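> only geometry, no sequence info:
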């Protein structure tokens with residue numbers, strides 16, 4: 001009797017410890033995956049089908065898609081919803097198109113979830129894009145979510161956006177400091193041989209944007225600017241004088257005009273943008289007019305620059 005009683009008391013304790021172990025496995029997996037897990041992952045981790053059913057009935061697992069669950073609650077961040085969609089579509093799938101662009105922080109998300117796969121799949125609540133090619137070259141992992149790489153994402157979106165939308169996407173990619181030579185080269189390589197309208201637009205957009213971002217040194221830009229003034233028969237300014245304690249690029253004291261040359265490398269972040277506006281306001285308060293010209297103005301629009309400056313100097 002005593003032995004039987006001891007066994008009766010110890011069995012529930014073993015069950016509690018085992019259930020606690022299962023809960024720990026599920027919790028650790030969910031913590032790595034934005035609060036979502038798949039049935040396959042849980043079974044592979046040793047969680048039994050019966051345990052899954054018990055947890056689903058009790059509300060400790062909440063069904064998001066077929067075979068994909070939220071752990072504890074369904075108040076997920078967008079990374080959790082994205083990962084749940086990728087897990088639901090199945091092995092080898094990757095977040096793509098608009099959703100991948102949002103994950104890469106080059107476009108705002110719009111609620112739809114796009115997933116690319118080589119398999120024929122239809123999933124409610126997910127926009128599935130079937131593709132013939134989705135290799136390791138095409139897929140990366142960002143914030144724990146498998147997604148198409150930035151070049152592949154740009155190529156995928158090229159055929160779905162208007163020219164204005166595509167131009168904005170390229171600008172946002174550059175603003176995020178993601179539009180480097182390697183990305184531009186890979187985009188061009190992926191588009192090689194394609195003649196559709198989307199490919200044509202995307203081939204042009206990075207090249208046009210890169211031309212606006214031509215990187216000259218400060219001295220090279222100033223030399224080109226002075227040469228432009230000579231060619232337009234405009235008076236030479238004082239270069240790099242100090243005015244009200246600030247060093248400026250060029251100044252015509254008699255006309256109270258200052259020109260600042262915005263080199264790409266030095267005016268490419270929010271802090272620089274804010275500092276420039278504060279400088280302009282300070283100079284304006286002491287009686288100077290400030291006009292800013294960019295790399296593109298000096299190199300690609302010299303006539304516009306010369307006409308603008310001539311008007312300012314003759315007022």
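Arrived safely. As the structure is a computational prediction, the values presented were derived from the model and not from experiment.

> Which of the three states applies to residue 124?
Following DSSP: H, G, I helix; E, B strand; the rest coil, residue 124 is assigned to coil.

> Please report the distance of it from residue 84.
Going from residue 124 to residue 84 by C-beta to C-beta, to the nearest Å gives 13 Å. (Each C-beta comes from the backbone N, C-alpha and C, glycine too.)

> Neighbour count for these two, which is higher?
A side-by-side neighbour count of residue 124 and residue 84, using other C-beta atoms under 10 Å, places residue 84 first with 27 against 7.

> what's the one helix or strand that one maps to packed up against?
According to DSSP states H and E, residue 84 maps onto helix 78-89. Packing partners of helix 78-89 (3 or more C-beta pairs under 8 Å, 6 or more residues apart in numbering; DSSP states H and E): strand 36-38, strand 61-65, strand 68-71, strand 94-95, helix 97-103, strand 114-117, strand 145-148.

> Return the most buried member of those.
For the helices and strands packed on helix 78-89, the largest average neighbour count (mean count of other C-beta atoms under 10 Å) is found in strand 94-95, namely a mean of 28.

> contacting residues around that strand?
Outside strand 94-95, the residues within contact range by C-beta atoms under 8 Å, 6 or more residues apart in numbering are 82, 85-86, 100, 103, 113-117, 134, 138-139, 145-148.

> Let's see that with 7 Å instead.
The contact list for strand 94-95, computed with C-beta atoms under 7 Å, 6 or more residues apart in numbering, reads 82, 86, 103, 114, 115, 116, 134, 139, 145, 146, 147, 148.

> Just the angle for the helix holding residue 84 relative to strand 61-65, thanks.
70 degrees (axes from the mean of the first three to the mean of the last three C-alpha atoms, to 10 degrees).

> Identify the residues contacting helix 78-89?
With C-beta under 7 Å, 6+ apart as the test, helix 78-89 has contacts from 33-36, 38, 64-68, 93-95, 99, 103, 109, 113, 115, 117, 121, 123, 126, 128, 143-146.

> again, only using 6 Å
Contacting residues not belonging to helix 78-89 are listed as 33-36, 38, 64-65, 68, 93, 95, 99, 113, 115, 117, 121, 123, 126, 143, 145-146 [C-beta atoms under 6 Å, 6 or more residues apart in numbering].
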